[in-house]
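J.: model the structure of this input:
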Amino acid sequence: RLVRLQDNLSQRTMPPAFLEDVNNPAGYVYVNLKEFAASSNRLVRKCTKPDAKEFKKIAVSCSMGFAIMGFIGYMVKLVFIPINNIIVGG
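T.: Predicted coordinates for the structure are as follows:
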């Protein structure tokens, strides 16, 4: 059964010549998609899961960023409420 599967894999046909030609619009898309798939596959194979220390560092950094952005948004809102009331004349 394994031999039959390997034979089927080895009998894959090559794409038509116009798909390998970059000057052809279909070939341009095909070649770029093929390169993108190969580089994406390489990236996924190289990626590793973060260990606990690295994960904690990333989580702390992200939460600090959220807190800082929330504080900035709160301060901007706090400053612009009185200014808006003065402009509107409420």
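
J.: quick one: the helix or strand containing residue 85 to chain centroid distance?
T.: In the assignment (DSSP states H and E), residue 85 maps to helix 52-88. Offset of helix 52-88 from its chain centre (Cα atoms, centre = their mean, to the nearest Å): 25 Å.

J.: list the buried residues of that helix.
T.: Of the residues in helix 52-88, none count as buried by neighbour count, 16 or more other Cβ atoms under 10 Å. C-betas here are computed from N, CA, C, even on glycine.

J.: what is the rounded mean pLDDT of it?
T.: For helix 52-88, mean pLDDT is 93.

J.: for residue 48, helix, strand, or coil?
T.: coil (DSSP: H, G, I helix; E, B strand; the rest coil).

J.: what's near enough to touch it?
T.: Residue 48 makes no contacts at all, as judged by Cβ atoms under 8 Å, 6 or more residues apart in numbering.

J.: can you check the pLDDT for it?
T.: Reading off the model, residue 48 has pLDDT 89.

J.: secondary structure element for the most centrally placed residue in the chain, which one?
T.: Taking Cα atoms, centre = their mean, the centroid of the chain lies closest to residue 40, which sits 10.3 Å from it. For residue 40, the host element (DSSP H and E) is helix 25-46.
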